[in-house]
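1. only the shape, not the letters, is given here:
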């Protein structure tokens with residue numbers, strides 16, 4: 001997956017983050033927000049004001065495909 005940049009918080013103002021429905025109460029989760037242009041923002045749910053990774057739509061699609069096909073198993 002190609003990470004295009006670590007996005008500054010100001011550039012992400014108003015982004016709405018979502019956790020996976022498979023997240024547990026342990027707090028070890030990532031949150032994802034849809035951004036303009038099909039990009040995604042990914043952050044650690046334990047540190048919502050920490051660094052945010054912005055990935056392209058192509059990289060996100062490749063990541064999701066890899067998850068679904070068991071590439072990371």
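-> Here it is on my side, so go on. Only a predicted model underlies this, so the values are computations on that prediction, with no experimental measurement involved.

2. contacting residues for residue 28?
-> Contacts for residue 28 (CB atoms under 8 Å, 6 or more residues apart in numbering) come out as residue 46. Heads up, the C-betas are built off the backbone N, CA and C, glycines and all.

3. report pLDDT for it.
-> Note on residue 28: pLDDT of 77.

4. name the SS class of it, please.
-> Under DSSP: H, G, I helix; E, B strand; the rest coil, residue 28 falls in the coil class.

5. residue 33 too?
-> Per three-state DSSP, residue 33 ends up strand.

6. how far does stretch 59-73 sit from the chain's center?
-> Its chain's C-alpha centre and that of stretch 59-73 lie 13 Å apart, by CA atoms, centre = their mean, to the nearest Å.

7. apologies, that question was intended for stretch 42-57.
-> Taking mean C-alpha positions (CA atoms, centre = their mean), stretch 42-57 and its chain are 6 Å apart.

8. gap between the two ends of that stretch?
-> 12 Å (CA to CA, to the nearest Å).

9. which parts of that stretch are buried?
-> 42-43, 52-56 (16 or more other CB atoms under 10 Å).

10. in strands only, show me the residues you listed.
-> 42-43, 52-55 (DSSP state E).

11. how close does the residue nearest the centre of the chain sit to residue 56?
-> Taking CA atoms, centre = their mean as the criterion, residue 42 is the residue nearest the geometric centre of the chain, at 2.3 Å. The gap separating residue 42 from residue 56 is 12 Å, by CB to CB, to the nearest Å.

12. coming back round to it: quick one: which of the buried residues of stretch 42-57 is nearest residue 35?
-> residue 54 (6.7 Å; CB to CB).
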